[in-house]
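In: Dropping the sequence and predicted coords here.
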Amino acid sequence: MILLSPLGAIGRSTLSMLGLIGRVAIYAAQAISHLVRPPFYPREFAQALLQIGWLSLPVVGLTALFTGGALALQIYAGGARFNAEAVVPSIVAIGMVRELGPVLGGLMVAGRVASAIAAEIGTMKVTEQIDALVTLSTHPMKYLTAPRVLAATLSLPVLVAVGDVIGIFGGYLVGTSRLGFNPATYLDNTVDFLELWDVLSGLVKGAVFGFIVALMGCYHGMNSGRGARGVGRATTNAVVSASILILASNYLLTELFFTA
C-alpha cells in the first residue's frame, strides 16, 4: 500500500496531463475549422490586430534593441579569446533572425497578450456574457477565438521582422560605438552572411508562436473558473502554458529547419 500511493498519484497526474493535451488539441482543431467557415467578424479581427500587433510593438522593439546590443558584447568578449572578433556582425544577425528574435518576441507577446486574452474572456465567462452570445445565436468560438487566433498568427511574424531589424541595429550601434567596428564593414558582414532561409524560418516560427499565444489565451479564458480567483488562475496558466509551448515548438522547428 505504501508503494501504491505514489504510483497512483503519478498515474493520476499522467492521465490528467494527457486529458489536457487532448482537450487543447480538440480546441485547436475547432479554432482552425472556424477560421475558414463563415460568418466572419472583421471588426473583431481588426480590433484584435490592433491590440495584439500594433500595441505590442514597443515592448518587442525595446527587447530586441537591448538583446542585440548585449549579444554583440557577449560575442565580442567570447570571440576575443580565439582572435575571432570579426564574427560579431554575422553571428548577431544570424542569432537574432533565427532564434532570439522569434523566441523573445513570442515570449514578450505571450506575457502581454495571452494574459490579456485570458483575463478578458474569463471575465466574460464569469459575468455570463458568453452565455448571452449563445442566446443571441453567436458562436463564442467564432466570435471570440477565431479573430484573435488569426490576428496573432498574422501579426507576430511582422513583429518578429521588425524586432530582427531593431535587434541587428542594436548590435550595430554597440559594434560601431563601443567595439570599434567600421560601420560599412559591419553592414557588409551582416548582409554577406545572412541567407534568405534564415529570415524566412524566423517568420514561420513567429506565425506558429502567434497561433500558440492566442490559442492558449482563449482556451484558458474559456475554461476559467468562477470568481476572481478562477480568472487569475486562468491568466497565469495562459502565460505559463504559452511560454512552455513556444520554447518546445522552437526546438522542434529548429530541428526541422536546420538539421541535415
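Out: Nice, I can see it.

In: Okay, now the unreliable bits of the protein?
Out: Residue ranges of the chain with pLDDT under 70: 1-4, 260.

In: what about Phe209, which helix or strand?
Out: Assigned by DSSP states H and E, Phe209 belongs to helix 196-222.

In: Check the gap between the spatially most central residue of the chain and Lys205 for me.
Out: Nearest to the geometric centre of the chain sits Gly106, at 2.4 Å (Cα atoms, centre = their mean). Here the criterion is Cβ to Cβ, to the nearest Å. By it, Gly106 lies 8 Å from Lys205. In short, each C-beta sits where N, CA and C put it, glycine included.

In: intersection of neighbour lists for those two?
Out: With Cβ atoms under 8 Å, 6 or more residues apart in numbering applied, the overlap between the contact sets of Gly106 and Lys205 consists of Val160, Asn250.

In: before we move on, the earlier item: contacting residues for the residue nearest to the centre of the chain?
Out: For Gly106, the contacting residues are Leu156, Val160, Lys205, Gly206, Phe209, Gly210, Ile212, Val213, Ile246, Asn250, taking Cβ under 8 Å, 6+ apart as the criterion.

In: And for Ser201?
Out: Taking Cβ under 8 Å, 6+ apart as the definition, contacts of Ser201 comprise Val97, Arg98, Leu253, Phe257, Phe258.

In: what number of residues lie near Gly122?
Out: The local packing of Gly122 (other Cβ atoms under 10 Å) involves 27 other residues.

In: on that earlier part again, any chance of a PyMOL selection covering the buried ones in the contacts of Ser201?
Out: In PyMOL, a selection of the buried entries from the contacts of Ser201 looks like this (16 or more other Cβ atoms under 10 Å):
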select buried, resi 97+98+253
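
In: The helix or strand Ala238 falls within vs helix 196-222, what angle?
Out: Taking DSSP H and E as the definition, one finds Ala238 inside helix 227-258. Between helix 227-258 and helix 196-222, the angle comes out at 160 degrees (axes from the mean of the first three to the mean of the last three Cα atoms, to 10 degrees).

In: So which other helices or strands are in contact with helix 227-258?
Out: Under the contact criterion of 3 or more Cβ pairs under 8 Å, 6 or more residues apart in numbering; DSSP states H and E, the helices and strands touching helix 227-258 comprise helix 101-109, helix 115-126, helix 196-222.

In: Deepest in the core, which of those helices is it.
Out: Across the helices and strands packed on helix 227-258, the average number of neighbours (mean count of other Cβ atoms under 10 Å) peaks for helix 101-109, which reaches a mean of 26.

In: what angle do that one and helix 196-222 make?
Out: Computed by the same axes, to 10 degrees, the angle between helix 101-109 and helix 196-222 is 20 degrees.

In: Just the closest of the contacts of Ser201 to Met141, please.
Out: For Met141, the nearest member of these is Leu253. The distance, counting by Cβ to Cβ, is 26.5 Å.

In: Pull the contacting residues for the closest one.
Out: When the contact criterion is Cβ under 8 Å, 6+ apart, the partners of Leu253 are Ser201, Val204, Lys205, Val208.
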